[in-house]
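Asker: sequence and predicted structure, then a few things I'm wondering about:
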Amino acid sequence: MEQTRAIDLVLEGGGVKGIALVGAATALAENGYTFARIGGSSAGAMVGAVMAAMQHAGEPFSRVDEIMRTIDYSAFLDRRKRGAMLGWWPRAADAWGVLFHLGAHPGRHMEQWVRGVLGDLGVRTFGDLYFDDPGSALPQGQSFRLVVTASDLSRQRAMFLPWDLPAHGHDPNEYSVARAVRASAAIPFLFEPVRLKSQYGTLTLADGSLLRSYPIELFDRHDGKPSRWPTLGVRLSSPAGERAKAKPVTSPLSLLTNLIFTTVDSTQVRHVSDPAAIDRSIFAKPRGVRWTDFDLTPEQRASLFDAGHSAATAWVRKHPAGPPAPEPDPDRDLVVPAWRPEPME
């Protein structure tokens, strides 16, 4: 194993493909990397939360794979009592959930699973993941080992949890990590959105991948000083290329699906095209599995893990010196990025 080196890790969303993120993170740990802070969206939020909790508990990193492999993704597709009465007609049950709750499935099982795993590791609220971080460019109140993205549909903007919570009257130290992960993974129409009461009204939080699937710039400094350590990200997808095969839109469902994917890809293209982002990204591209294939076979789980592990191992071999740190820009402290938390009014 090489000498231990710290990095900030950012994990892209991708549904059940998130097992590939576990494979990539495992390979990085095997090569001496430790993770000072972790950012993630959707599946990346779930994997990142488990990783942060493992480090909090001082558990060997090898257990992350063990935990993630035990997920019964099909159980995430839970039903409400009234929806269960239509179990013999799944499409009708889905339609009923979307019509009355904005999601075919309530997502309770997902949140309970995350809460149980994190609770066993001593993590319940973001306060458990707070740490003293002198030298950071972030305010003291934002020193958390985990940050997850969500999409605020009611105000049409990205949210970064727990950073944005104070601006909406919530104490990050008391907010449930499992609840934040549940919001970040609320795939539109598939899972019911998460509600958050705020001084602006009740917010509707859905899948972070809609607006920030891959927030690679999450931990970059904005005070003109050099980074203490670099950021490395793991991607599960990339925008369609110029020669990508056309996917005909032939039904209302395919129209809706393609609208969502077009929106997600358009919000990520700037980050993917930036050479600085490419240099610090591992592209794990698992094939043969869709992000909504909740009935994964053991062979598919192994294939996903291996795809991520192989991609990260190849990246380490190609970059023996580690990921490049972004160049300090003295002008960056003059501009507040749009995704930064809003001040309390």
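Answerer: Nice, I can see it. Numbers count the residues shown, from 1 in each chain.
Asker: burial count for residue 178?
Answerer: If you count neighbours by other Cβ atoms under 10 Å, residue 178 ends up with 23. C-beta coordinates here come from the backbone N, C-alpha and C atoms, glycine included.
Asker: host element of it?
Answerer: Residue 178 belongs to helix 177-184 when assigned by DSSP states H and E.
Asker: for the residue nearest to the spatial centre of the chain, list each beta-bridge partner.
Answerer: For the chain, residue 41 is the residue whose C-alpha lies nearest the centre (Cα atoms, centre = their mean; 1.8 Å). Judged by DSSP bridges, the bridge partners of residue 41 are residue 149.
Asker: which of the residues in whichever helix or strand comes after the helix holding residue 178 are classified as buried?
Answerer: Moving toward the C-terminus from helix 177-184, the next helix or strand (DSSP H and E) is strand 189-191. Using 16 or more other Cβ atoms under 10 Å as the test for burial, strand 189-191 gives 189-191.
Asker: again with stretch 214-223
Answerer: Of the residues in stretch 214-223, those buried under the neighbour-count criterion (16+ other Cβ under 10 Å) are 214-222.
Asker: for those residues, which one is nearest residue 195?
Answerer: Minimum separation from residue 195 among the buried residues of stretch 214-223 (Cβ to Cβ) is found for residue 215, which lies at 23.0 Å.
Asker: got the contact list for that closest one?
Answerer: For residue 215, the residues meeting the contact criterion (Cβ atoms under 8 Å, 6 or more residues apart in numbering) are 10, 39, 41, 149, 160, 339.
Asker: pretty sure the second one sits in a strand.
Answerer: It refers to residue 39. Yes: secondary structure assignment (DSSP: H, G, I helix; E, B strand; the rest coil) places residue 39 inside a strand.
Asker: how many residues are close by it?
Answerer: Other residues close to residue 39 by other Cβ under 10 Å number 26.
Asker: give me every residue that touches it.
Answerer: Residue 39 touches 8-11, 48, 146-149, 215, 218-219, counting by Cβ under 8 Å, 6+ apart.
Asker: which stretches of this protein have low pLDDT?
Answerer: Segments of the chain classed as low confidence (criterion: pLDDT under 70) are 1-4, 81-91, 93-94, 96, 237-247, 251-254, 256-258, 260-275, 291, 325-345.
Asker: pull out the buried positions in stretch 144-159.
Answerer: Using 16+ other Cβ under 10 Å as the test for burial, stretch 144-159 gives 144-154, 158-159.
Asker: sorry, back to before: what's the closest of the contacts of residue 215 to residue 139?
Answerer: So of those, ranked by how close each gets to residue 139 (Cβ to Cβ), first place is residue 160, at 13.0 Å.
Asker: roughly how far apart are the closest one and residue 123?
Answerer: 18 Å (Cβ to Cβ, to the nearest Å).
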